[in-house]
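Trainee: need a structure here:
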Amino acid sequence: MLTINQSAPNFSLYDAHDATHKLDDYKSHWLVIYFYPKDNTPGCTKEACALRDDSAKFEALNTQIVGISTNSSKSHQSFSQKQNLTFTLLADPKGEVSKAYGALFKLGPVKFSKRHSFIIDPAGKVSKIYRSVSPSLHSQELLNDLKQLQAKFKD
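Mentor: Residues are numbered from 1 along each chain as shown. Next up, the predicted model:
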């Protein structure tokens, strides 16, 4: 299980346009990695749209957002276009990255990412872990915590 100040597990996943993204691509930025169960479901849409609506606030905090689920790149592309998402969605169809972050739910052949989030600092360390997330409140919670973490990080 991941802990605060631990190096974030690396990943190499495809986005909706089949471009590869790795954790190292986000060095020098703060990064929010949010895992979610399924594209185009009510809770996941609510959470994604709240993050989209707050994208300028995240950008002002030098923070990038990456959503990860076990859905395919094709599903992500449709979801992203339909909701006008301004951040990257990554496909983890085997659930390996979700598992590395402790966010994989598996029951027989059924597997999906649980609604967990992580704030990663510019050095690639886990700064905050969310194992219980409210889709409608999470974006504001992330922004508040990022402000506090960044103030401590500068000290």
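Trainee: any idea how far residue 7 is from residue 19?
Mentor: Separation of residue 19 from residue 7 (CB to CB, to the nearest Å): 24 Å. All C-beta atoms are positioned from the backbone trio N, CA, C, and that covers glycine.
Trainee: Show me where this structure has its helices.
Mentor: 42-53, 55-60, 73-83, 96-100, 138-154 (DSSP state H).
Trainee: Look up the pLDDT of residue 81 for me, please.
Mentor: As predicted, residue 81 sits at a pLDDT of 95.
Trainee: now swap in residue 107 and tell me
Mentor: pLDDT, residue 107: 84.
Trainee: where's it relative to residue 81, distance?
Mentor: Distance from residue 107 to residue 81, by CB to CB: 31 Å.
Trainee: Looking at those two, which one has more neighbours?
Mentor: residue 81 (10 against 7; other CB atoms under 10 Å).
Trainee: Report the separation between the closest residue to residue 120 other than its chain neighbours and residue 67.
Mentor: Of all residues not flanking residue 120 in the chain, residue 31 sits nearest, at 4.2 Å (CB to CB, 6 or more residues apart in numbering). Residue 31 is 12 Å from residue 67, where distance means CB to CB.
Trainee: Look at the two and report which has more neighbours.
Mentor: Ranked by neighbour count (other CB under 10 Å), residue 31 and residue 67 place residue 67 first, with 26 against 21.
Trainee: Low-confidence stretches in the protein?
Mentor: 155 (pLDDT under 70).
Trainee: try 90
Mentor: For the chain, the stretches with pLDDT under 90 are 1, 16-17, 28, 106-110, 152-155.
Trainee: picking up where we left off before, could you check how far the residue nearest to residue 120 is from residue 99?
Mentor: Residue 31 is 19 Å from residue 99, where distance means CB to CB.
Trainee: likewise residue 42?
Mentor: Taking CB to CB, one finds residue 42 at 25 Å from residue 99.
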